[in-house]
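> take a look and give me a structure for this.
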Amino acid sequence: MDALRTLGAEVRPVPAVPYKNPNNYVKLSGKLASEMENAIWANQFDNLANRQAHYETTGPEIWEQTDKIDAWVAATGTGGTFAGVSLFLKEQNPQVKTVVAAPMGSGIYSYVKTGEISTAGNSITEGIGNSRITKNMENVTIDDGIQVDDREAVRVVDQLLRKDGLFMGGSVGINVGAAVALAKEMGPGHRIVTVLCDSGARYQSKLFNREWLASKGLLPDEV
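The predicted structure is shown next:
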C-alpha cells in the first residue's frame, strides 16, 4: 500500500469479506471503476486474458525446458497461472497430471475432492484458496488437489531460505509443499513442475518474524 501511495494512487483498504458480500474487494473495485471516468478495471479473477497470457507464455516455457513433464501443481488465486498452464500442457500431453495446491480452508480444494465448495478451516496464507470458481478456472481439467497446512508451508519457506538461498512468500510454501507431497505420492522417476510466484519481501512482518510465528505456534525447527 505504501508503494502504491508513493506512485500516486489513492488506496482504499477494505475488510476481508467473502465474495458474496457486496463489500468484497473484487466487487467494490468493479463498482468504483464503473463510477469513474477513463477507468479500466482489470478484473483479473474473471478476465480470460489472464489465463491466456499463461497459455501463450508460461505453459510453452515449461514444455520447452523439460524433456518430459509428469505433473503440474500450483495454487490458485485468480486461477490464471494454473489454468493457462494446465490448458497448454493438456493439449501437448493429456496424461500430464494437473493438481491444485491449496491452503487449509480452500474452497477449490473441497470442490476438486467433492464437487462442492466448502471453506472449513483457515490459513495465514493470503490471496489463494478461493471460495468460488473464477472464470479463469472454468472448463479447466483438475486431476487432483493437495492441501498443505500452515506449519508445512512455513517449514518449506524457511528451508528454501536457509538451505536453498531463495527468499520466497507464503504461496510458494504451499506450491513447493504440495509438489513435495505429490512427489512422494507418485514415486521416483517423475518430473513435477511448480512455480515460485511470490517474493518473501512482502512477508517480513509475518513469515520471517520469529515472534509472530511463535505467537501462532508456527515457529519452524532448525533446518
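
> around the closest residue to residue 146 other than its chain neighbours, count how many other residues there are.
Spatially, and ignoring its direct neighbours in sequence, residue 146 is nearest to residue 178 (4.2 Å; CB to CB, 6 or more residues apart in numbering). Where you see a C-beta, it was placed from the backbone N, CA and C, and this is true even at glycine. Applying other CB atoms under 10 Å, we find 27 residues neighbouring residue 178.

> which other helices and strands contact the strand ranked longest in the chain?
As far as residue count goes, and with DSSP state E defining each element, the longest strand of the chain is strand 97-103. Counting contacts by 3 or more CB pairs under 8 Å, 6 or more residues apart in numbering; DSSP states H and E, strand 97-103 is packed against strand 71-75, helix 80-92, helix 107-114, strand 144-148, helix 170-186.

> quick check: buried residues in that strand?
By 16 or more other CB atoms under 10 Å, the buried positions in strand 97-103 come out as 97, 98, 99, 100, 101, 102, 103.

> ranking the helices and strands packed on strand 97-103 by mean neighbour count, which comes first?
The densest packing among the helices and strands packed on strand 97-103, expressed as mean neighbour count by mean count of other CB atoms under 10 Å, is seen in strand 71-75 with a mean of 27.

> residues making contact with that one?
Contacts to strand 71-75, defined as CB atoms under 8 Å, 6 or more residues apart in numbering, come from residues 62, 81-82, 85-86, 89, 96-103, 128-129, 146, 171, 174-175, 178-179, 182, 186, 190-195, 197.

> what's the answer for stretch 176-192, then?
Contacts of stretch 176-192 with the rest of the structure, by CB under 8 Å, 6+ apart, involve 66-73, 75, 97, 99, 101-102, 146-148, 152-153, 155-156, 160, 168, 193-194, 196.

> try 6 Å this time
66, 68-71, 73, 99, 101, 146, 148, 152-153, 156, 194 (CB atoms under 6 Å, 6 or more residues apart in numbering).

> so for it, mean pLDDT?
Computed over stretch 176-192, the mean pLDDT rounds to 97.

> mind picking the lowest-pLDDT entry from the contacts of stretch 176-192?
If you rank the contacts of stretch 176-192 by pLDDT, residue 68 sits at the bottom with 90.

> and that residue, how many neighbours does it have?
Applying other CB under 10 Å, I find that residue 68 has 9 neighbouring residues.
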